[in-house]
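Undergrad: Show me how the following folds:
(one chain, ligands or ions: 1)
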Amino acid sequence: MFERVLIANRGEIALRVIRACRELGIPTVVVHSEADRDSLHVLFSDEAICIGPPAAQHSYLNIPRIIAAAEITGADAIHPGYGFLAENPEFAEICERSNITFIGPTAEQIRTMGDKVAARRTMAAAGVPVIPGSENAIADVRAAREAAEEIGFPVMIKAAAGGGGKGMRIARSASEFDRLFGMAKVEADAAFGNDALYIEKLLEDARHVEIQVIGDRHSRGVHLGERDCSIQRRHQKLIEEAPSPAVDSQLRARMGDAAVRGIEAISYVGAGTVEFLLARDGQFYFLEMNTRIQVEHPVTEEATGYDLVKEQIAVAAGEPLSIPDGVELRDHAIECRINAEDPDNDFRPSPGRIETFHPPGGPGVRVDTHVYDGYIVPPFYDSLIAKVIVRAGTRDWAIERARLALDMFVIEGVHTTIPFLKKVLDHPDFRSGDIDTHFLDRMRARRLEGAAAG
Ligand code: MV4
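TA: Residues are numbered from 1 along each chain as shown. Got it, this is the predicted structure:
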């Protein structure tokens, strides 16, 4: 096992990794910016090193300083958390070249899945269903339009270097295709420094269902069922749950087997998520693969009883997976993401001092957070301040538990998304499980109509 693990992240995920290391008996080092001196991850770690000013570019993304911190403290592994350097293949490469184990997949695996065209091709070759689309990136607008006509409108134009919904365009006919293709190209170039685009048939009214996977260094992969992440706003997830109300055990086995085929085909090492669109007719299609531990991983932990972060560390150290095939989702779990944002003001970030902080508790209620009374939410990073994850025997009961937990969560001093999350949990379509990726758009449209009528 590792001598010492350095955590190259902040916030709740840094604390989550510290807890896993404690259970494994591994001392931790954290790096932090000048803005995070009073953060709990700094206070709870065995060692902490300040690596730079608040801007992530100069601290949490500063590779030379992170490697230096690992070398100075004798850390032999780095856990990247999510975001920041978690899916940066150069960082994974530099770690390995410095004789530090990157707790995650190989640089090559990160690179393949980061290139959305290569990811599609890899999955399709492994027999995973993909959305009908172009096999390669297409540079020329005429060739792209011809490909779109072949596929059939409407189509989605996507950036090969994209992901997470950035730089996508829907073209509904050939007449608007050239203009949208041009816009997507400029946008992709500006956002990713790579203007390669590809085309897929547009799949409407689908759910976002993702499969949690993990692989070890002995070429074994397993899946831990799905999470339904259809409740999203501008590609930011707000609520996630497992099992999906739209997935039964047969479909779970089929989607899970497909995901495992995909990762075993590349001998994938580490935790990952295979994202699918699930159509109303029950067909599922590969979208993207995330090669990191995700924000919503506790949903799977609570529904299955396995500790994904401990497992990540163990497989990185070369141990075989301790998770069997055929893991079941025993309980229903729901995660609500609490952001320091003002839902009445277009979800504008609301940094500042937290005057009161009383998290909920009790059976089946887990709160992952780095926040405490008097903590100052800095304006420099994303605005996630807590995750409430509830577990119960049925979906109805889990919704009720989530609702009560949010009622008892007291946060004063900053605006939070709690009031908005309660409205979603109370919504009849959410209660009945009738949700897709447009749920929040519809909720907003109805609210605006109601306001206009009233
Ligand atoms: C799609 C799609 C429909 N058809 N691809 C959004 C994020 C990125 N992972 C891919 N995304 C989508 N790709 C085809 N061919 C719809 C989406 C999409 C979406 C996917 C999951 C969750 C929320 C979404 C919201 C809008 C669009």
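Undergrad: ok, now how distant is A77 from the ligand?
TA: 29 Å (CB to the nearest ligand atom, to the nearest Å). From N, CA and C alone the C-beta is placed, and that goes for glycine too.
Undergrad: pretty sure that residue is in contact with N99, am I right?
TA: No. With contact defined as CB atoms under 8 Å, A77 does not reach N99; the gap is 10.4 Å.
Undergrad: quick one: which of the two has more around it?
TA: A77 (22 against 9; other CB atoms under 10 Å).
Undergrad: so that one bridges to which residues?
TA: Beta-bridge partners recorded for A77 (DSSP bridges): V5, T101.
Undergrad: Go ahead and confirm I78 touches N9.
TA: No. I78 lies out of contact with N9 (CB under 8 Å); the separation is 9.8 Å.
Undergrad: neighbour count winner among the two?
TA: I78 (30 against 25).
Undergrad: Name the nearest residue to that one, sequence neighbours excluded.
TA: Here the nearest residue to I78 in space, its sequence neighbours aside, is L6; by CB to CB, 6 or more residues apart in numbering that works out to 4.8 Å.
Undergrad: That neighbour and H32, how far apart?
TA: Between L6 and H32 the computed distance is 11 Å (CB to CB, to the nearest Å).
Undergrad: tell me which residues in stretch 101-111 are buried?
TA: Within stretch 101-111, the residues scored as buried using 16 or more other CB atoms under 10 Å are 101-107, 109-111.
Undergrad: so the residue nearest in space to the middle of the chain is in which element?
TA: The residue lying closest to the centre of the chain (CA atoms, centre = their mean) is Q294, at 3.9 Å. Under DSSP states H and E, no helix or strand contains Q294.
Undergrad: Same check on K185?
TA: With DSSP H and E as criterion, K185 is part of helix 174-192.
Undergrad: Can you give the contact residues for that helix?
TA: Helix 174-192 has contacts (CB atoms under 8 Å, 6 or more residues apart in numbering) with 141, 144-145, 148-149, 153, 155, 157-162, 166-171, 194-197.
Undergrad: Can I get the buried part of those residues as one ChimeraX selection?
TA: Only the buried entries of the contacts of helix 174-192 go into this ChimeraX selection, using 16+ other CB under 10 Å:
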select :144,145,148,153,155,157,158,159,160,161,162,167,168,169,171,195,196,197
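Undergrad: Okay, now the sheet partners of whichever strand in the chain runs longest, with direction.
TA: Longest strand in the chain by number of residues (criterion: DSSP state E): strand 221-233. Here strand 221-233 has these sheet partners by DSSP bridges: strand 207-215 (antiparallel), strand 236-242 (antiparallel).
Undergrad: Looking at those strands, spot the one closest to the ligand.
TA: Nearest to the ligand among the strands paired with strand 221-233 is strand 207-215 (3.6 Å), distances taken as CB to the nearest ligand atom.
Undergrad: and the closest one, what's its mean pLDDT?
TA: Mean pLDDT, strand 207-215: 97.
Undergrad: same check, this time on stretch 357-368
TA: For stretch 357-368, mean pLDDT rounds to 98.
Undergrad: now swap in stretch 9-28 and tell me
TA: On average, stretch 9-28 scores 98.
Undergrad: With stretch 146-166 instead?
TA: The pLDDT scores in stretch 146-166 average 92.
Undergrad: And stretch 398-416, by the same measure?
TA: Per-residue scores along stretch 398-416 average to 98.
Undergrad: what about stretch 306-326, start to end distance?
TA: End-to-end distance for stretch 306-326, by CA to CA, to the nearest Å: 13 Å.
Undergrad: residue contacts, L197?
TA: If you count contacts by CB under 8 Å, 6+ apart, then L197 has 137-139, 144, 157-160, 181, 184-185, 188 around it.
Undergrad: re earlier: what sits against the residue nearest to I78?
TA: Each residue near L6 by CB under 8 Å, 6+ apart is listed here: 28-31, 66, 69-70, 73, 75, 77-79, 100.
Undergrad: Let me know the closest of the residues you listed to A206.
TA: For the contacts of L6, the residue nearest A206 by CB to CB is H79; the value is 33.0 Å.
Undergrad: got the phi/psi numbers for the closest one?
TA: Torsion angles at H79 (phi, psi; degrees, to the nearest 10) stand at phi -100, psi 120.
Undergrad: my guess is it contacts I313, does it?
TA: Yes. Counting by CB under 8 Å, H79 does reach I313; the two are 7.2 Å apart.
Undergrad: Neighbour count for the two, which is higher?
TA: Neighbour count, other CB under 10 Å: between H79 and I313, H79 has more, with 30 against 25.
Undergrad: which one is the more buried one nearest to, not counting chain neighbours?
TA: Using CB to CB, 6+ apart, the closest residue to H79 is I103 (4.4 Å).
Undergrad: Against V213, how distant is the one you found?
TA: Applying CB to CB to I103 and V213 gives a distance of 16 Å.
Undergrad: how does the chain divide up, domain by domain?
TA: 5-103, 132-201, 207-449 (automatic domain parsing).
Undergrad: Could you list the buried residues of stretch 48-62?
TA: Buried, per 16+ other CB under 10 Å, within stretch 48-62: 48-49, 51-52, 54, 56, 59-62.
Undergrad: For E87, which three-state class applies?
TA: Under DSSP: H, G, I helix; E, B strand; the rest coil, E87 falls in the coil class.
Undergrad: Count residues in the vicinity of it, would you?
TA: Neighbour tally, E87, other CB under 10 Å: 20.
Undergrad: mind listing what it touches?
TA: E87 touches 110, 114, 290-292, counting by CB under 8 Å, 6+ apart.
Undergrad: can you check F409 too?
TA: 338, 358-360, 386, 388, 418.
Undergrad: Skipping its backbone neighbours, what lies nearest H332 in space?
TA: Nearest to H332 is A398, by CB to CB, 6+ apart, at 4.2 Å.
Undergrad: Among the buried residues of stretch 48-62, which ones are in helices?
TA: Per DSSP state H, helices hold no members of the buried residues of stretch 48-62.
Undergrad: which of the residues you listed sit farthest apart?
TA: A48 and L61 (17.9 Å).
Undergrad: quick revisit: can I get the domains of the chain in JSON lines including distance to A118?
TA: Output for the domains of the chain, formatted as JSON lines (distance: least, CB to CB, whole Å):
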{"stretch": "domain 5-103", "distance to A118": "12"}
{"stretch": "domain 132-201", "distance to A118": "8"}
{"stretch": "domain 207-449", "distance to A118": "10"}
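Undergrad: worst average pLDDT in those domains?
TA: domain 132-201 (a mean of 93).
Undergrad: Spell out which parts of this protein neighbour the ligand.
TA: 131, 156, 164-165, 200-203, 208, 232, 235, 275, 277, 287-288, 437 (CB under 6 Å from any ligand atom).
Undergrad: please redo it, this time with the cut-off set to 8 Å
TA: Contacts of the chain with the ligand, taken as CB under 8 Å from any ligand atom, map to 131, 133, 155-156, 158, 162-165, 168, 200-204, 206, 208, 229-230, 232, 235, 275, 277, 285, 287-288, 437-438.
Undergrad: Nothing else from me, thank you.
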